[in-house]
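Chemist: Pasting the sequence and the predicted coordinates here, then a few questions.
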Amino acid sequence: MLRVLFVLGFAASLAIPASARGFDVNVSAPATMPIGPQVEAPYGFVDFCTRNPAPCRLHATEITNIRLTPEHRATLERVNAEVNHLPQITDLDNYGVVEYWSYPNKRGGDCEDLALEKQRRLVALGFPEDALLLAVVRQANGEGHTVLVVETDRGEFVLDNLNPSILAWADVPYTWRKRQSRLASGLWQSVDPDATRIAEASKLSSQRDTTSAPLRSGTLR
């Protein structure tokens, strides 16, 4: 799942001012993605849970959204940047198998490993587990990819090892497939396919709006 082009893209992104890589809210799209019924969890995740049962045992009776205060924003940005700087290596090169979910080792990790590490670090810093969800998406080239979705009082945001920016769920260039349940971390739910169509429509609307305005109205400052 690792993209060779990520190295070049990420290196170029370091020249972008931090303020340009901050949170971005797309007010034209729903704040949260439409969630469908329970589906089968990724087999790599199931295997991970057999080796690391603790993070897969959450059973919440109520959900908690993270308050997107300046302090929380700064922490999310810092953890995202720190983990994205870890070595990027495919499971095949790291473990000799095509798919193996794990926390990064000394050699690094791929997309799901880095998403797991972001989740682990944020939980250790006191963020609620039910607001930090692993999600599987499909890229434009058809390949699968794993990201971390953060539930906040301003909507859902995506921490992605292929992008230094933290974007609203509707602004990432992916087709959403499934993600962890907020009430039970060992369970996964489908993402309504209409979510992608809504997101794409909102992006087009936002692009038209920016042709006449110097700044998107949904940009957080």
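Modeler: Done, it's in. Residues are numbered from 1 along each chain as shown.
Chemist: Pretty sure Glu77 sits against Ile166.
Modeler: Yes - assessed by CB atoms under 8 Å, Glu77 is found in contact with Ile166 at 6.4 Å. (C-beta placed from N, C-alpha, C; glycine too.)
Chemist: And Arg182, how close does it get to Tyr103?
Modeler: Distance of Arg182 to Tyr103, computed by CB to CB, to the nearest Å: 22 Å.
Chemist: one step back: so between Glu77 and Ile166, which is more surrounded?
Modeler: Ile166 (21 against 18; other CB atoms under 10 Å).
Chemist: tell me which element that one falls in.
Modeler: Using DSSP states H and E, Ile166 sits in strand 163-168.
Chemist: avg pLDDT for that strand?
Modeler: For strand 163-168, mean pLDDT is 95.
Chemist: What pairs with it, parallel or antiparallel?
Modeler: strand 23-24 (parallel), strand 155-160 (antiparallel) (DSSP bridges).
Chemist: for these, which one ends up most surrounded?
Modeler: Mean neighbour count (mean count of other CB atoms under 10 Å) peaks for strand 155-160 among those, with a mean of 24.
Chemist: CA-only coordinates of that one in PDB, if you can.
Modeler: Extracted as PDB, the C-alpha positions of strand 155-160 are listed here (Å, rounded to 0.1, in the frame of the first residue of the first chain):
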ATOM      1  CA  GLY A 155     -16.600  17.400  12.000                       C
ATOM      2  CA  GLU A 156     -14.500  14.500  11.000                       C
ATOM      3  CA  PHE A 157     -10.800  14.900  10.000                       C
ATOM      4  CA  VAL A 158      -8.300  12.600   8.300                       C
ATOM      5  CA  LEU A 159      -4.800  11.900   9.500                       C
ATOM      6  CA  ASP A 160      -3.000  10.400   6.400                       C
END
